[in-house]
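[1] fold the following for me, if possible:
(one chain, ligands or ions: 2)
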Amino acid sequence: MPAFSVITFGCQMNSHDSERLSEVLTGAGYWATEKLEEADVVLLNTCSVREKAEQKLRSEVGRLGLLKRERPGLLIGVAGCVAQQEGERLIKTLPQIDIVIGPDNIAELPTLLARAEAGSPPQVRTEFDLDAPEFLQARPEAGKVMPSAFVTVMKGCDERCSYCVVPYTRGPERYRPSREILDEIERLVLAGVKEVTLLGQTVNSYRDPSGSLPAAPPSALEFRQAPHLRANEAESEFPALLHAIARQVPGLLRLRYTSPHPRHLTARLISAHTEIPILAKHVHMPVQSGSDRLLKKMIRRYSAEEYLERITALRDSVPGMTLSTDVIVGFPGETLEDFQATLELVEKVGFVGLFGFKYSPRPHTPSLKLEDDVPEPEKARRLAELFDVVERARIAHLTSLIGTTQQVLVEGLNQRGGYTGRTERNEIVHFWATTSPVGEVCEVRILRAFKNSLAAELVEPTRHLPWQDQKTKAQLRALPVM
Ligand code: 5AD
Ligand code: SF4
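    Numbering: from 1, shown residues only. Ligands and ions are numbered 1, 2, ... in the order given. This next block holds a predicted model:
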C-alpha cells in the first residue's frame, strides 16, 4: 500500500483542508506517514496570503526534488492557495511537481495520483465548484479522542479587501446547507467532540442556501454609527445558524467561529452571544487598521468608530469576554499618524491577542498598484510596538485570573508530562492529574500566570458525560458517513 505525507502551511482553513486531503487518500487505500523517507506521495498544502509562505513552498519543493532524485517514483503534489493561484505556471517553473490541485478539487486527488503513477505528465486541476459547491465531511476516527473539531460553513470570499489574494485563490462565497452542517456537528459530538469551531473566510456572512433556518430572535441593540456600516440584519443568517446548532446538538459544550468580518457583526449576532451559553467568551475580529484613511484604501467598508462601537457592544454584552484581532502594518502610504490611530484603537479595545502582519504585495490584488513604500525595518518596528501593547494587556488579563476557577477542556499532554487545555475564552492552562482527563472538561483553580498561558491545580474532574457510554458509540457506528 502506498504511503503519503502532507505538509501544511498557513491558516486553520488550510489545516482543515489537509485533514480532508488525508481522509480522501486513506479512503483510497493510502496510509499516512510523517516520515518523508517512507512516503510515496508528498503533498504540500500551501498558503499565499503572505509572501513568506510562497518562498517556503519553493524551498520545500527544492528539498523534495533532492529526495526525488534518489527515488524517482516519489510523487510531489501541490495543493491549497498557491496551487490555485499559480496553476500551470507551477509545473513550468518547478518541474519536480507532478500534481497541482486547487482547494475545490481535493476529491479528485486519487484519480490524479493513479494517472501520475501510470506515468502521466504533470497534471493541473484548479476549477472552482461554482455550480455545485462541495464540502467534504469530516470523518471522526473511531477510538481517537478528539475534544475539538473544525466544521466548514462557507468557502470563498466576496469582500475583495484591496490587499488580499483570497478572493482570487478561494473564489466567490459559497455556503453549505444548514442541514449538512448540523449533521456533521451531531456526528462529531457523538464521536466525543466537545468543542466545534465554525470555519469560513467571512464566517459570519453565512446564508443558508436551503432556506430552512428559522430566523434568529430580533435584537434590541441599536448602533449610533450604523448608517455607514453596510451590515444589515437581513444580510446574514449566521446568528440563526448558531441558534440552530445550540438547539439541535445539546451535547456540544463549546461553540466558536473564525474568521468573522466586522461588517457582519450585527445586533443579532451580539445578542446571540448573550442568548447562547455555549458560545465561547472569546471572539477574534480582524480590524486590520485603526485609520479611516487606510481602512478606505483597504476596502474594509467600516470606519474605526464603527468597529469600536460594535466590538465594545459585543464585549459589554458578555461579562468576561476577551477579544483578539488581525492588523496589517505598513500598508502602502501608512504614515506614523495612521499607525498611531491603530495603536490607539488596539489599546482602547484591550485585545488580549493580535496577529500582526507586515504588508506584502500579493499578485492579483488591487493594492499591487500602490507603492509598497514603508521600509521593512519600519514595518518591523511598528509590529513590535503593537505586540508590546497587546502583550501587556494579555499579561494583565492572565494575572487577573489568578485565584479564579475555570472550566478547562483538556486537549492533551504538555511537554513536561502534565496536561494542557483551554478555558472557555481560549486561555491555555497547564495542570497535573493522576489519571488522563484528555477530552474531558475539568474544573481547575488558577495558580500562576505566564506570558501566554496559565498554571492551575485540579479542583474536581467533571463526571463522565453521557456520550461516552457504549450506547451512543453504537449509535455513532450506525450513522452513515457522507
Ligand atoms: N499582507 C499582509 N497581511 C495580509 N493579510 C492578508 N493579506 C495580506 C497581505 N497582502 C493578513 C490579514 C488577514 C490575515 C489572515 O492575513 O490581516 O486578516
Ligand atoms: Fe481577504 Fe478581506 Fe476576504 Fe478576509 S475579508 S479573506 S482579508 S478579502
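[2] how many neighbours does Thr342 have?
    Neighbours of Thr342 under the rule other CB atoms under 10 Å: 27. To be clear about C-beta, it is placed using only N, CA and C from the backbone, and glycine gets the same treatment.
[3] before we move on, what about Pro122?
    As a burial measure, Pro122 scores 17 neighbours (other CB under 10 Å).
[4] hmm, it is touching Gln96, no?
    No. The criterion here is CB atoms under 8 Å, and Pro122 misses it with Gln96 at 9.5 Å.
[5] pull the contacting residues for the closest residue to Leu454 other than its chain neighbours.
    Nearest residue to Leu454, sequence neighbours excluded (CB to CB, 6 or more residues apart in numbering): Val429, at 4.8 Å. Listed by CB atoms under 8 Å, 6 or more residues apart in numbering, the contact set of Val429 reads 406, 408, 420-423, 444, 446, 453-456.
[6] so which of those comes closest to Leu343?
    The closest of the contacts of Val429 to Leu343 turns out to be Ser453 (CB to CB; 25.4 Å).
[7] what is the burial count for the closest one?
    16.
[8] please name the bridge partners of it.
    As for beta bridges, Ser453 partners with Ile428 under DSSP bridges.
[9] tell me where this structure has helices.
    Taking DSSP state H, the helices of the chain run over residues 12-27, 51-70, 80-86, 88-93, 109-117, 166-170, 178-190, 238-248, 267-275, 292-297, 304-317, 336-349, 376-400, 470-478.
[10] same for the longest one, what does it pack against?
    In this structure, helix 376-400 makes packing contacts with strand 322-329, helix 336-349, strand 353-358, strand 441-449, judged by 3 or more CB pairs under 8 Å, 6 or more residues apart in numbering; DSSP states H and E.
[11] and the angle from the second one to helix 376-400?
    Read it as helix 336-349. Using axes from the mean of the first three to the mean of the last three CA atoms, to 10 degrees, the inter-axis angle of helix 336-349 relative to helix 376-400 is 10 degrees.
[12] try the shortest one
    Here strand 353-358 runs at 180 degrees with respect to helix 376-400, directions being taken by the same axes, to 10 degrees.
[13] ok, strand 353-358: who's next to it in the sheet?
    Strand 353-358 has these strand partners (DSSP bridges): strand 322-329 (parallel).
[14] any idea how far Met298 is from Ile328?
    Applying CB to CB, to the nearest Å, the value for Ile328 to Met298 is 8 Å.
[15] what do you get for Pro95?
    Distance from Pro95 to Met298, by CB to CB: 38 Å.
[16] then Gly73?
    To Met298, Gly73 is 47 Å away according to CB to CB.
[17] higher neighbour count, the two?
    Legend: neighbour count by other CB under 10 Å for Gly73 and Met298, higher for Met298 (21 against 9).
[18] isn't that one up against Gln288?
    Yes. Counting by CB under 8 Å, Met298 touches Gln288, with 5.8 Å between them.
[19] what touches both of Ile328 and Met298?
    Overlap of the contact sets of Ile328 and Met298 (by CB under 8 Å, 6+ apart) consists of 163, 288-289.
[20] just checking, Leu90 touches Val78?
    Yes. Using CB under 8 Å, Leu90 makes contact with Val78 at a distance of 5.9 Å.
[21] now for these two: what residues contact both?
    Common contacts of Leu90 and Val78 (CB under 8 Å, 6+ apart): 97, 100.
[22] the two: which is more packed in?
    Using other CB under 10 Å, the more surrounded residue of Leu90 and Val78 is Val78, with 27 against 23.
[23] bridging residues for that one?
    Beta bridges link Val78 to Leu44, Val100 when assigned by DSSP bridges.
[24] OK, contacts around the residue of the stretch 351-482 of the chain found nearest ligand 1?
    Going by CB to the nearest ligand atom, ligand 1 is nearest to Phe357 of the stretch 351-482 of the chain, at 3.4 Å. By CB under 8 Å, 6+ apart, the contact set of Phe357 is 50, 326-329, 383.
[25] now narrow those to whatever sits close to ligand 1.
    50, 326, 328 (CB under 6 Å from any ligand atom).
[26] for the first one, the count of nearby residues, please.
    Put plainly, it is Arg50. 16.
[27] before we move on, what about the last one?
    Other residues near Ile328 come to 25 when the count uses other CB under 10 Å.
[28] return the residues of the chain in contact with ligand 1.
    Contact residues, the chain versus ligand 1 (CB under 6 Å from any ligand atom): 49-50, 163-164, 286, 288, 326, 328, 357, 359-360, 362.
[29] neighbour-wise, which of the residues you listed leads?
    Ile328 (25 neighbours).
[30] need the overlap of contacts for Met298 and Gln288.
    In contact with both Met298 and Gln288: 161, 328, using CB under 8 Å, 6+ apart.
[31] hmm, back to that, can you list the ones next to ligand 1 among the contacts of Phe357 in CSV and add pLDDT and distance to ligand 2?
    Below are the ones next to ligand 1 among the contacts of Phe357 laid out as CSV (pLDDT from 0 to 100; distance: CB to the nearest ligand atom, whole Å):
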residue, pLDDT, distance to ligand 2
Arg50, 81, 11
Asp326, 97, 8
Ile328, 98, 9
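[32] what's the closest of those residues to ligand 1?
    When the ones next to ligand 1 among the contacts of Phe357 are compared for distance to ligand 1 (CB to the nearest ligand atom), Asp326 wins out at 3.5 Å.
[33] with adjacent residues omitted, what lies nearest to that closest one?
    Using CB to CB, 6+ apart, the closest residue to Asp326 is Pro286 (3.8 Å).
[34] for that neighbour, give me the pLDDT.
    With respect to pLDDT, Pro286 scores 98.
[35] grab the nearest non-local neighbour of Val346.
    Once flanking residues are discounted, Val346 sits nearest to Val389: 5.6 Å by CB to CB, 6+ apart.
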